[in-house]
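Visitor: sequence first, predicted coordinates after that:
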Amino acid sequence: MASSTPEFIPETTQDDPVQFATLDLQGRSHQISPVFNAPELQRLQRYGTRQRFADGETLFEAGSSSFGMLVILSGRVSIKRHEVLGQASVLREVGVGHFIAEVAQLSGRPTLVNGSAVGEVELLDISSESLRALIVAEAEMGERIVRALILRRVALIESNSGGPVLVGPRGNGNLFHLQSFLSSNGHPHTVLDPATDAAAAALAQRYQPTPQDWPLVVCPDGKIMKNPGNAELGRCLGMLPDLSGDKIFDVLVVGAGPAGLATAVYAASEGLSVLALEQRAYGGQAGASARIENYLGFPTGISGRALAGRAYVQAQKFGVEIATPASAANLLCDTWPLRVKLCDGTQVRARTVVLSCGARYRRPSLANLKTYEGRGVYYWASPIEAKLCRQEEIILVGGGNSAGQAAVFLSGHAAKVHMVIRGEGLATSMSSYLIERIAATPNITLHTHTEIIALEGDDDGLTEVRWRNNQTGTECDCAVRRVFLFVGADPNTDWLHDCAVAVDEQGFIRTGFDVTRAECRAHGHAALLTEPPPDLPERAALETSVPGVFAIGDVRAGSTKRVAAAVGEGAAVVSQIHGFLARLPAGSA
C-alpha cells in the first residue's frame, strides 16, 4: 500500500489545506470540488479556449494527456480512477462550474485520472501557463484553486489512485527504494505483493521476473518496467522532463532543499526564468526531519517534508521548472552562458547558477553496509520506515538534531530505540528541547561512547548488529533488524572541479569575502583585510570564485546549518542575482 499520510501536509488549521497531516476528506468536499459561479466563469474566459466533446468521448487519459485546468461550461464529465491491472472505477461526476486539475497540472505533467464526456460537453481549456497566471492574478479564485489542487493530490494518495503500481515481494530492497522515492516526492502510487494479490500474481506470471527484475512497475500509461532506476521512473511519470532544448534560464538551481526552493520561489515570483534540479526528492536532507519545532511561525512544529512540500507547490505556482531526479555531473564555465552537464549527458544552460546541492549521507566504514541498505539499514525516518519497525527494537546512530527528531518520531512506533553515539553526551550537538524530550521518552535508551562494528543478516535482510563500548571494550550482539544512520554528511562538491569553484579544506564552497581573503593569501597580501586590493574582482556575499555562480545553504563554507538560515540565504541570493544580471553587457546571452 502507498503511504496514507500526506507528508507535505502537516498540522491542521481550518482554512489552510497544506497544513493537514490527516484529513477528513468527506468533510472538506466543498473545498475539494469548489464550483465557480456565473460571474467567475465569465472572468475565466480570458484565460482559456472553448472546446466541445460528444457524449462518451474521451477527454483525457492517465499518463498521456497534459493540460492545465478544464472548466466545465455545459454537460457533465465522468472522472475515473485509472486501474492499470483491472477495470477503471468512477471516482465522481462533475458538472457546470466545476474544474478538473490537480497539483501535476501546475507544471503540465500528465494527468493521473481518466475523463469522459457524459452527454454533450463544453469545456474551457486553460493551459498550465495560463493557470499559473490565473492563480496569481485572481487572488481569491487562485486560493480556492490551489487548495483544491492539494486536497485532490491528498485524496489520490489516500485512495491509492493514479500513479504507478509497484509489484514485488514483501521486504524487497529495490521495491523499498522506489516506494521511498515516490513517497518522498508526494507522488501517489500503489504497492502490490504477488503472494497476496491475484492481479499482481498474474502480472508476475506473465513477465516471469528474475530476482534482479523486482519490482515490476506499471506506469500510468500501461508501460511495464523491470526494476527501473529513479530516473527511468521519473521520466515515466513526467517528473523528469526533457531538458535537451536550447532554452537559457536566468537561474539554474542545483538542489531543491529548503535553500534551493527558497531561491526558486523568490526568483520566479520576481519574473526570472528558473530551473531547479534535484537528484532525489525535494526537501533534501531537511526532508528527513520528522518534526522541526524551532522554525519561526510553527509553534507546534512542522515536519521537514511538510515544509518542503509547501515550498514545492509554491514554486510550481510561480512557474519554476523542477526536474527530479536530475543529478549534476559537471559545472562547465569555459564558455558563456554557464552550463551544467547531467549524469545522462544532457547539458542545461543558464545566466546564473545557484549551488544549493547540500551534502551526501556519510556512511560508516562497515564491510557489508551496502548489502543491507533498504533491507535493514536506512538513512531516512518517514512513515514508510516507521511501519517497518512497528513493535521492534531498533538502533539509531547519531547525535545531531536530525537524529534526535528521528529518535522521538520512531519511538512512537518501535518497541525500543537504542540511540548510539560515540561521544559522552548530546549537549554539544543537539538542541536542548530535543535532549529533554529524549530523556523523557521511556523507550529511548542512550548508549554513549559506543559504535556499531558489524552487521549480519540473511536473504531477508539484516538480523543482527554488534556494537562496542569504546571505553570498556565490551561488545554486544543485538538481534535487531532495523538500523537508522544519522551520522552527518559530506559536502556534495566533487562535481565542481572542472570549473575550479573554490572550496575550503573540508570541501565546502567559499563565497564573498571568504573567497577574496583566500585570493589575497594566494597573492601574498595580508590574511585579514578590511578592503580587497583593487586588482581583485568585486564579489557579492554569496557569490563563489566563479562569476555568476552562487552558493547557499549547507554546502556553503561558514553557513549556519539550520533550515531557517538556508531559507534566508535562498531569499537573499536573489537580489545578488539581479545585481549580477544587471551588470551583464547589453545583448549578452
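Guide: Received, thanks. Numbers count the residues shown, from 1 in each chain.

Visitor: what residues sit buried inside stretch 357-367?
Guide: In terms of neighbour count (16 or more other C-beta atoms under 10 Å), stretch 357-367 has its buried residues at 357-359, 366. In short, each C-beta sits where N, CA and C put it, glycine included.

Visitor: how about stretch 92-100?
Guide: So, applying 16+ other C-beta under 10 Å, buried residues of stretch 92-100: 94, 96-100.

Visitor: I'd like those residues as TSV, with distance to Asn294 appended.
Guide: TSV is the format used below for these (distance: C-beta to C-beta, whole Å):
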residue	distance to Asn294
Val94	43
Val96	48
Gly97	44
His98	42
Phe99	39
Ile100	41
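
Visitor: wasn't Ser365 part of a helix?
Guide: No: read with DSSP: H, G, I helix; E, B strand; the rest coil, Ser365 is coil and lies in no helix.

Visitor: and the gap between it and Gln51?
Guide: In this structure, Ser365 and Gln51 are 61 Å apart, going by C-beta to C-beta, to the nearest Å.

Visitor: do the same with Gly374
Guide: Computed as C-beta to C-beta, the Gly374 to Gln51 distance reads 46 Å.

Visitor: please identify which of the two sits among more neighbours.
Guide: Gly374 (20 against 13; other C-beta atoms under 10 Å).

Visitor: quick check: pLDDT value at the closest residue to that one other than its chain neighbours.
Guide: Of all residues not flanking Gly374 in the chain, Gly173 sits nearest, at 3.9 Å (C-beta to C-beta, 6 or more residues apart in numbering). What the model reports as pLDDT for Gly173 is 87.

Visitor: one more: the one 5 residues further on?
Guide: If you check Leu178, the pLDDT there is 95.

Visitor: check Ala522 too.
Guide: 68.

Visitor: repeat for the one 5 residues further on
Guide: As predicted, Ala527 sits at a pLDDT of 45.

Visitor: equivalent analysis for Ala589, please.
Guide: pLDDT at Ala589 comes out at 58.

Visitor: got a list of what Val265 touches?
Guide: 311, 314-315, 318, 320, 570 (C-beta atoms under 8 Å, 6 or more residues apart in numbering).

Visitor: now, which of these sits nearest Ser74?
Guide: Of all the contacts of Val265, the one with the least separation from Ser74 (C-beta to C-beta) is Phe318, at 32.6 Å.

Visitor: mind listing the helices in the stretch 201-350 of the chain by residue range?
Guide: Ranges of helices within the stretch 201-350 of the chain are 230-237, 258-269, 304-317, based on DSSP state H, counting those that start in this stretch.

Visitor: residues of the first one that come out buried?
Guide: In other words, helix 230-237. 230-231, 233-237.

Visitor: would you map the strands across the stretch 201-350 of the chain?
Guide: Taking DSSP state E, counting those that start in this stretch, the strands of the stretch 201-350 of the chain run over residues 216-218, 224-226, 248-254, 274-277, 321-323, 328-332, 338-342, 347-355.

Visitor: quick one: which two of the buried residues of stretch 92-100 are the most distant?
Guide: Val96 and Ile100 (12.7 Å).

Visitor: which residues are common contacts for the two?
Guide: Residues touching both Val96 and Ile100 by C-beta under 8 Å, 6+ apart: Ile72.

Visitor: now do the buried residues in whichever strand or helix holds Gln576.
Guide: Applying DSSP states H and E as the criterion places Gln576 in helix 563-583. Under the neighbour-count criterion of 16+ other C-beta under 10 Å, helix 563-583 has 563, 565-574, 576-578, 580 buried.

Visitor: quick one, that helix and helix 304-317 angle?
Guide: Helix 563-583 runs at 20 degrees relative to helix 304-317, counting by axes from the mean of the first three to the mean of the last three C-alpha atoms, to 10 degrees.

Visitor: CA atoms of helix 563-583 as CSV?
Guide: Extracted in CSV, the C-alpha atoms of helix 563-583 (Å, rounded to 0.1, in the frame of the first residue of the first chain):
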residue,chain,number,x,y,z
VAL,A,563,16.7,25.2,7.9
ALA,A,564,15.7,28.8,8.7
ALA,A,565,19.2,30.0,7.8
ALA,A,566,19.1,28.1,4.5
VAL,A,567,15.8,29.6,3.6
GLY,A,568,17.1,33.1,4.4
GLU,A,569,20.2,32.6,2.2
GLY,A,570,17.9,31.3,-0.6
ALA,A,571,15.9,34.5,-0.4
ALA,A,572,19.0,36.8,-0.1
VAL,A,573,20.8,35.4,-3.1
VAL,A,574,18.0,36.6,-5.5
SER,A,575,18.9,40.3,-5.0
GLN,A,576,22.5,39.4,-5.7
ILE,A,577,21.5,37.5,-8.9
HIS,A,578,19.6,40.6,-10.0
GLY,A,579,22.7,42.7,-9.4
PHE,A,580,24.8,40.3,-11.5
LEU,A,581,22.4,40.2,-14.3
ALA,A,582,22.1,44.0,-14.4
ARG,A,583,25.9,44.2,-14.9
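
Visitor: if you count contacts, what does it end up packed against?
Guide: Helices and strands touching helix 563-583, by 3 or more C-beta pairs under 8 Å, 6 or more residues apart in numbering; DSSP states H and E, are strand 248-254, helix 258-269, strand 347-355, strand 549-551.

Visitor: and with 7 Å instead?
Guide: helix 258-269, strand 347-355, strand 549-551 (3 or more C-beta pairs under 7 Å, 6 or more residues apart in numbering; DSSP states H and E).

Visitor: output the ones you listed in a markdown table; the columns should cover distance to His413.
Guide: Output for those, formatted as a markdown table (distance: least, C-beta to C-beta, whole Å):
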| stretch | distance to His413 |
| --- | --- |
| helix 258-269 | 26 |
| strand 347-355 | 36 |
| strand 549-551 | 37 |
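
Visitor: to Val397, which of the ones you listed lies closest?
Guide: Of the helices and strands packed on helix 563-583, nearest to Val397 by C-beta to C-beta is helix 258-269, at 24.2 Å.

Visitor: give me the distance from the closest one to the chain's centre.
Guide: 14 Å (C-alpha atoms, centre = their mean, to the nearest Å).

Visitor: equivalent analysis for stretch 552-572, please.
Guide: 18 Å.

Visitor: and stretch 267-287, by the same measure?
Guide: In terms of C-alpha atoms, centre = their mean, the gap separating the centre of stretch 267-287 from the centre of its chain is 9 Å.

Visitor: since that was my last question, I'll sign off now.
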